[in-house]
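S.K.: give the three-dimensional model of this entry:
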Amino acid sequence: MNNIQFKTNINCSGCVAKATPALDQVAGAHQWKVDTANPEKILTVTSDAAPSAIVAALQAAGFTATVKP
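M.R.: The predicted structure follows:
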């Protein structure tokens, strides 16, 4: 499994709750976490899902995400 990090606009626990169904579907339950204390709101995903699929799922849920280099 790959560990991929994304910069997001998931700012708070309410946003995390809104993003949860999309992330659980594409990456798997308990395979991701968001550091809302980090200024870049880093999402870390441990999954074999394609980064583009994760970005698309977040966009469909109303969030932005870019792969962190």
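
S.K.: Pro21 and Asn38: what is the separation?
M.R.: Pro21 sits 23 Å away from Asn38 when distances are taken as CB to CB, to the nearest Å. Heads up, the C-betas are built off the backbone N, CA and C, glycines and all.

S.K.: do the same with Val67
M.R.: 16 Å.

S.K.: name the nearest residue to the residue nearest the centre of the chain, ignoring sequence neighbours.
M.R.: A centroid search over the chain (CA atoms, centre = their mean) returns Leu43, at 4.6 Å, as the residue closest to the centre. For Leu43, the nearest residue in space outside its immediate sequence neighbours is Phe6; the separation is 4.4 Å by CB to CB, 6 or more residues apart in numbering.

S.K.: and if you look at Lys41?
M.R.: With CB to CB, 6+ apart as the measure, Thr8 is the residue that lies nearest to Lys41, at 4.7 Å, once sequence neighbours are left out.

S.K.: got the contact list for that neighbour?
M.R.: With contacts taken as CB atoms under 8 Å, 6 or more residues apart in numbering, Thr8 has the following neighbours: 34, 40-43, 58, 63-65.

S.K.: for it, give me the pLDDT.
M.R.: As predicted, Thr8 sits at a pLDDT of 98.

S.K.: is it in a bridge, and if so with what?
M.R.: Partner residues in beta bridges with Thr8: Ala65, with DSSP bridges as the criterion.

S.K.: could you check how far it is from Gln31?
M.R.: 16 Å.

S.K.: same question, Val55
M.R.: Here the distance between Val55 and Gln31 works out to 16 Å (CB to CB).

S.K.: if you go through this protein in chain order, where are the helices?
M.R.: Chain-ordered helices for the chain, with DSSP state H as the definition, fall at 13-27, 51-60.

S.K.: output the ones you listed as CSV; include the columns mean neighbour count, mean pLDDT and distance to Met1.
M.R.: As requested, the helices of the chain are arranged in CSV below (neighbours: other CB atoms under 10 Å; pLDDT from 0 to 100; distance: least, CB to CB, whole Å):
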stretch, mean neighbour count, mean pLDDT, distance to Met1
helix 13-27, 16, 97, 10
helix 51-60, 16, 98, 13
